[in-house]
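S.K.: 3D model of this:
(one chain, ligands or ions: 1)
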Amino acid sequence: MSVLRSQIIGCGAFLPRNVLTNTDLAKRVDTNDEWIVARTGIHRRHIAAEGEKTSDLAFEAATDAMRHAGIGADALDLIVVATTTPDETFPAVATAIQARLGMTRGAAFDVQAVCSGFIFALSVADNFIRAGQAKTVLVIGAETMSRLMDWSDRTTCVLFGDGAGAVVLRAGEGKGGNADRGVLNTKLFSDGRLHDLLYVDGGPSTTGTTGYLRMQGREVFKHAVTNIAAAIQASADEAGIAISEIDWFVPHQANQRILDGTARKLGIDPAKVVSTVADHGNTSAASVPLALATAVADGRIKPGQLVLLEAMGGGLTWGSALIRW
Ligand code: ACO
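M.R.: Sure thing, here's the model as predicted:
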């Protein structure tokens, strides 16, 4: 039986020029490079310049992915942007990208699942393709998390940064088994009861302000390792493969200790885990496609290999995507 599969034909990435090091941060709050590196693995983060918007970062990552895929805007049927830091409360960042690309047909919308946003957006796009409703889809994760930081709160401001990553998905044919090339499955989860662990204390219908990110770091950490491990297992089980058969793990880049803890829990060889957190910190929905673009560009991820993407974020939300490259 022939089935439609979403195949990734291009990856792109963009980080703003301004770099904020741990030493720079130590001049603003009571922290130091040793603490940040030991507890998080983060060395630096990129911060959007004044006036540089989420859509500006998204546009750069999108054009990079489209160049890589060798397609123009006329080929796109759909744009899905994952972001929790849109330029404006509405309209969506995706429609800003649509206009800037000169795409005059199809549809564009945003998805909001915070740090899991890219996995959720990829899942939405994959379902559009499987249903035959779109052939070529641009999926972007883009964030300016620096705009949500309380820069006097050392427990959060050292963790986050700005950036964008993107992929182009195209419909291809498969046989329906796990040897097919493309997205084999996506698994999405959420538990709204865990709101208080990670949220922003503002919004259009509450304070009328943007608000600042608030987090119970230790609790989030525990849920992250448990939930991400469960999502990876769910993807592997559904595809009928062992976790040891997966060639590359591309996690949400929140904290090196979460990456290490999850790998330990599942017996994953740390050499198979792509880590870029040192260079950009937690860029929320941008971090999975940023790490993916890095591992594709440097030749680690090769055609035919199994790649597992995963993330957890505010909501709480979490999920995974298993892809045959
Ligand atoms: N510099 C120096 N000291 C600090 C800093 C800092 N930036 N931040 C906190 N401390 C202090 C605390 O005040 C505390 O001091 P005390 O013992 O005198 O009270 C001490 O360090 C230990 O604090 P903890 O919060 O217990 O430290 P922990 O080892 O849990 O590390 C961290 C904190 C890094 C936030 C960790 O809990 C974490 O990474 N949690 C996950 C959070 C995360 O990644 N969130 C992102 C969104 S969700 C996601 O993406 C998965």
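S.K.: just the strands in the stretch 101-250 of the chain please.
M.R.: For the stretch 101-250 of the chain, the strands defined by DSSP state E, counting those that start in this stretch occupy 107-111, 136-144, 162-174, 182-190, 198-200, 213-215, 248-251.
S.K.: out of those, which gets nearest to Arg154?
M.R.: When the strands of the stretch 101-250 of the chain are compared by Cβ to Cβ, strand 213-215 sits nearest Arg154, at 12.0 Å. Glycine gets a C-beta too; all of them are placed from N, C-alpha and C.
S.K.: by contact count, what packs against that closest one?
M.R.: Helices and strands touching strand 213-215, by 3 or more Cβ pairs under 8 Å, 6 or more residues apart in numbering; DSSP states H and E, are helix 154-157, strand 198-200.
S.K.: out of these, which comes closest to Ala236?
M.R.: Closest approach to Ala236 among the helices and strands packed on strand 213-215 is made by strand 198-200 (26.5 Å; Cβ to Cβ).
S.K.: list the helices and strands that closest one packs on?
M.R.: Contact here means 3+ Cβ pairs under 8 Å, 6+ apart; on that basis strand 198-200 packs against strand 213-215.
S.K.: give me the distance between Phe118 and Ile258.
M.R.: 16 Å (Cβ to Cβ, to the nearest Å).
S.K.: these two - which one has more neighbours?
M.R.: The neighbour comparison of Phe118 against Ile258 (other Cβ atoms under 10 Å) goes to Phe118, with 36 against 23.
S.K.: show the pLDDT at that one.
M.R.: In this prediction, Phe118 carries a pLDDT score of 98.
S.K.: can you give me every residue that contacts it?
M.R.: Contact analysis of Phe118 by Cβ atoms under 8 Å, 6 or more residues apart in numbering lists 82, 139, 141, 165, 285-289, 309, 311.
S.K.: list the ones among these that fall in helices.
M.R.: Those of the contacts of Phe118 mapping onto helices are 287-289, per DSSP state H.
S.K.: tell me which of those is nearest to Asn178?
M.R.: Val288 (21.1 Å).
S.K.: so how far is Gly267 from the closest residue in space to Gly240 that isn't next to it in sequence?
M.R.: Among residues not flanking Gly240 along the chain, Asn178 sits closest, at 6.1 Å (Cβ to Cβ, 6 or more residues apart in numbering). When distance is defined by Cβ to Cβ, Asn178 is 20 Å away from Gly267.
S.K.: got JSON lines for the contacts of Phe118, with neighbour count, pLDDT and distance to the ligand too?
M.R.: Compiled in JSON lines, the contacts of Phe118 are given as follows (neighbours: other Cβ atoms under 10 Å; pLDDT from 0 to 100; distance: Cβ to the nearest ligand atom, whole Å):
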{"residue": "Ala82", "neighbour count": "35", "pLDDT": "98", "distance to the ligand": "13"}
{"residue": "Val139", "neighbour count": "28", "pLDDT": "99", "distance to the ligand": "19"}
{"residue": "Gly141", "neighbour count": "37", "pLDDT": "98", "distance to the ligand": "13"}
{"residue": "Gly165", "neighbour count": "34", "pLDDT": "98", "distance to the ligand": "15"}
{"residue": "Ala285", "neighbour count": "36", "pLDDT": "98", "distance to the ligand": "10"}
{"residue": "Ala286", "neighbour count": "37", "pLDDT": "98", "distance to the ligand": "12"}
{"residue": "Ser287", "neighbour count": "30", "pLDDT": "98", "distance to the ligand": "8"}
{"residue": "Val288", "neighbour count": "30", "pLDDT": "98", "distance to the ligand": "11"}
{"residue": "Pro289", "neighbour count": "31", "pLDDT": "98", "distance to the ligand": "15"}
{"residue": "Leu309", "neighbour count": "28", "pLDDT": "98", "distance to the ligand": "14"}
{"residue": "Ala311", "neighbour count": "32", "pLDDT": "98", "distance to the ligand": "7"}
